[in-house]
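K.L.:
Kindly generate the corresponding structure for this input.
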Amino acid sequence: MKQILRYLKPYLGKLLAATVLIALSTLCDLLLPTWMSAILNGGIAARDFPAIAVRCLQMLAIAAVSLASILGGTRLSTEVVACFCADLRADVFRKVNTLSFEEFGSLGTAALVTRATHDVDTVSWVASMLSGTVATIPMLFLGGVVLAMRKDVVLSLVLLAFVPLLTLIVVLLGKRVLPLWGKSDDYIDVQNALLRERLRGIRVIRAFNTEKREHGRIADATHIMAENIIRANVSMGLLTPLATLFLNISALLIIYLGGWRMVHGVSGVSAGDIFAIIQYVTMVMNGVIMASFAIIMYPRAQVAAGRIHQVLGAEGMGDPMAGETAELHGEIELQDVSFSYGGSADAISHISLHILPGQRISVIGGTGSGKSTLMHLLLGFRAPTQGRILFDGRDAAGLSKHTLRRGISSVLQGAAIYSGTIGENIRMGDPDADDAAVTEAARIAQLSDFIASCEGGLSYEIRQAGKNLSGGQKQRLAIARAIIKDAPIYIFDDSFSALDFLTEKNLRTALNRRIAGRTQIVVTQRITSAMSADCIFVMDGGCLVDSGTHNELLARCRIYREIYASQTGGDLQ
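P.N.:
Below is the predicted model:
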């Protein structure tokens with residue numbers, strides 16, 4: 001919790017001001033019963049109307065001060081809580097962007113969403129409590145008890161008799177409620193995961209007519225979550241009626257004992273005193289209820305803070321600017337590189353290769369041969385478990401991530417399209433590009449006809465994840481985004497799979513003219529996409545089995561010949 005509360009440090013001045021204002025309002029509330037007691041004792045009993053009027057005006061002034069104080073304090077408190085939540089969410093979002101793929105996998109996307117929304121809202125209650133109740137609770141309790149005892153000690157003891165009993169009930173309710181809230185939080189994660197899975201796979205669900213099964217999965221998680229929340233709220237709901245019951249019983253006893261003491265002539269007890277003590281009993285009970293909610297809610301907020309700290313405390317991929325800053329020129333060398341996702345077998349094993357600046361390289365192989373894993377290593381998304389990756393003779397481990405990102409333009413497997421216009425999606429490769437550069441990148445990516453057919457052209461709005469685009473349009477848009485960026489190295493990871501052969505041929509011809517002299521790496525399963533490369537690397541089972549030109553590999557590499565024969569109908573013999 002300490003790590004989370006440090007986000008309140010910039011707002012300590014406003015937090016203190018809010019606390020003082022709310023404390024002033026509470027103090028005014030404590031004074032009102034005393035003034036009312038004076039009206040009853042000195043005004044009504046003596047039939048002194050001018051004294052009653054003066055006291056009423058004084059009470060009105062106190063109430064006005066209380067109202068102004070509570071409005072000002074609440075405004076400041078709300079502002080502090082809003083800023084606290086905004087800063088905390090921003091840091092969670094920034095940290096999520098630095099997480100490694102392994103950390104993403106261990107936490108899960110659904111849990112990250114919950115931590116940035118539900119858990120932050122839960123923790124914000126602590127910030128609200130610090131300004132709103134940290135002064136109110138002790139002032140209501142101690143001030144009410146002290147002022148009640150000033151009126152009559154014996155009658156005040158009736159009040160104190162019920163406080164331990166109410167405290168015991170709070171402790172018992174807390175032990176019952178906290179596990180219920182913890183379980184409900186876990187199932188919020190489950191519900192988020194199922195909902196995201198359903199939204200991503202809605203077409204498959206409909207195609208296989210499994211809506212009923214998916215509804216059942218989400219319903220089960222929702223029912224468990226709702227059941228725990230309902231049981232927790234019902235348990236918490238017992239607190240208010242029990243406190244009200246004790247309040248009414250104590251008020252009844254005070255009236256009875258006070259009346260008995262007045263009848264028997266006990267000195268110092270008046271109707272005004274009894275009235276004031278009842279009001280103080282109400283205030284003390286309110287303070288106890290507020291303290292009870294705080295006692296129960298704080299452990300829940302502590303759990304939420306721990307979940308948030310799980311994200312903020314993750315190691316991540318570090319500062320992208322940390323490391324040597326250099327300009328890349330396109331030379332790449334892998335020296336005995338291996339990588340494992342944590343299983344018993346390596347995803348890629350003992351790969352050594354050398355790519356010269358300006359070469360056009362193809363990496364070909366079957367599904368699961370390690371092609372995309374190799375590209376992730378080149379982009380710095382993952383670190384090799386063995387061996388070294390060199391760029392222009394420099395070890396990639398010593399280069400800043402910013403250097404790698406700036407020097408490599410890539411289209412990853414599975415085109416990522418974002419909500420916004422076509423122009424905005426293309427400009428992600430170069431935010432400073434003008435409309436002419438965007439139009440040229442779209443032309444090279446064979447998007448000109450599609451853009452011309454769209455209402456608004458480059459300003460055509462794309463839905464989230466490109467829901468209003470076809471697979472080929474998404475790939476070409478991602479390619480346009482990559483080629484608008486001026487970089488010495490271009491990586492295309494299975495980026496032409498959704499294109500027909502003619503469109504791919506036209507795109508590759510225009511692309512080769514655009515990035516001539518730059519290092520170009522094309523990961524593909526298509527033999528036609530690989531055969532024109534200066535050098536082809538053949539991968540199988542995570543190993544680099546051979547490399548060379550198309551004709552050289554046809555002559556000596558069995559795996560390459562099998563790929564060629566299966567796609568072109570050529571004779572293996």
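K.L.:
Name the nearest residue to Q335, ignoring sequence neighbours.
P.N.:
R388 (4.7 Å; CB to CB, 6 or more residues apart in numbering). (Each C-beta comes from the backbone N, C-alpha and C, glycine too.)
K.L.:
list the contacts for the one you found?
P.N.:
Shown in contact with R388 (CB atoms under 8 Å, 6 or more residues apart in numbering): L334, Q335, D336, V337, D395, A396, A397.
K.L.:
buried subset of these?
P.N.:
For the contacts of R388, a burial check counting by 16 or more other CB atoms under 10 Å picks out L334, Q335, V337, A396.
K.L.:
what sits opposite the first one in the beta ladder?
P.N.:
With DSSP bridges as the criterion, L334 is bridged to L353, I389.
K.L.:
contacts for stretch 91-110?
P.N.:
7, 112, 115-116, 120, 189-190, 192-193, 196, 308, 310-312, 314-318, 320, 342, 376, 381-382.
K.L.:
Name the nearest residue to G423, ignoring sequence neighbours.
P.N.:
L458 (3.7 Å).
K.L.:
ditto for E424
P.N.:
Y418 (7.7 Å).
K.L.:
Secondary structure class of that neighbour, three-state.
P.N.:
coil (DSSP: H, G, I helix; E, B strand; the rest coil).
K.L.:
what's the pLDDT at the residue nearest to Q335?
P.N.:
Reported pLDDT at R388 in the predicted model: 92.
K.L.:
what do you get for G216?
P.N.:
84.
K.L.:
burial of the closest residue to T222 other than its chain neighbours, as a residue count?
P.N.:
What sits nearest to T222 in space, not counting adjacent residues and going by CB to CB, 6+ apart, is Q191, at 6.0 Å. The tally of other residues near Q191 (other CB atoms under 10 Å) stands at 20.
K.L.:
now do L312
P.N.:
L312: 17 neighbours (other CB under 10 Å).
K.L.:
can you check T503 too?
P.N.:
T503 - counted by other CB under 10 Å - has 16 other residues nearby.
K.L.:
residues contacting it?
P.N.:
With contacts defined as CB under 8 Å, 6+ apart, the neighbours of T503 are Q446, G472, R476.
K.L.:
quick one: the second one and A498 touch, right?
P.N.:
Translated: G472. Yes: judged on CB atoms under 8 Å, G472 makes contact with A498 at a distance of 4.5 Å.
K.L.:
Tell me which of the two has more neighbours.
P.N.:
G472 (19 against 16).
K.L.:
Make sure I have this right: that one is in a strand.
P.N.:
No: applying three-state DSSP, one finds G472 to be helix, outside a strand.
K.L.:
how many neighbours does W35 have?
P.N.:
W35 has 15 neighbours, counted by other CB under 10 Å.
K.L.:
now the strands for the stretch 351-500 of the chain?
P.N.:
360-365, 386-391, 394-395, 408-411, 420-421, 461-462, 489-493 (DSSP state E, counting those that start in this stretch).
K.L.:
Can you name every helix or strand that the helix or strand containing the residue nearest to T222 contacts?
P.N.:
Q191 belongs to helix 153-200 when assigned by DSSP states H and E. Counting contacts by 3 or more CB pairs under 8 Å, 6 or more residues apart in numbering; DSSP states H and E, helix 153-200 packs against helix 109-116, helix 118-132, helix 144-151, helix 211-237, helix 239-263, helix 271-312.
K.L.:
domain parsing for this protein?
P.N.:
Split into domains by automatic domain parsing, the chain comes to 2-312, 332-568.
K.L.:
Where among these is average confidence lowest?
P.N.:
When the domains of the chain are ranked by mean pLDDT, domain 2-312 comes last with a mean of 78.
K.L.:
From one end of it to the other, what's the distance?
P.N.:
Using CA to CA, to the nearest Å, the end-to-end distance of domain 2-312 comes out at 13 Å.
K.L.:
chain center to it: distance?
P.N.:
Domain 2-312 has its C-alpha centroid displaced from the chain centroid by 25 Å (CA atoms, centre = their mean, to the nearest Å).
K.L.:
for stretch 520-531, same thing?
P.N.:
38 Å.
K.L.:
quick one: contacts of it?
P.N.:
355, 359-367, 371-372, 374-375, 378, 413, 489-497, 501, 504, 508, 512, 533, 536, 550, 563-564, 567-568.
K.L.:
Mind jotting down where the helices sit in the stretch 351-500 of the chain?
P.N.:
371-378, 401-407, 422-427, 435-444, 448-453, 471-483 (DSSP state H, counting those that start in this stretch).
K.L.:
Of all the ones you listed, which one is nearest V81?
P.N.:
Set against V81 and scored by CB to CB, the helices of the stretch 351-500 of the chain come closest in helix 422-427, at 33.4 Å.
K.L.:
Can you tell me what sits against the closest one?
P.N.:
417-418, 433, 435, 438, 441-442, 447, 451, 454, 457-460, 462, 477, 480-481, 484.
K.L.:
just stretch 226-236 next, same as before
P.N.:
L173, R176, V177, L180, W181, K183, S184, Y187, F293, I296.
K.L.:
where's the residue nearest the centre of the chain relative to A221, distance?
P.N.:
Relative to the mean C-alpha position of the chain, the nearest C-alpha, by CA atoms, centre = their mean, is the one of A116, at 2.5 Å. For A116, the distance to A221 equals 20 Å [CB to CB, to the nearest Å].
K.L.:
Can you get me a residue count around the residue lying closest to F381 once chain neighbours are set aside?
P.N.:
Spatial nearest neighbour of F381, excluding adjacent residues (CB to CB, 6+ apart): F101 at 6.3 Å. Using other CB under 10 Å, F101 is surrounded by 12 other residues.
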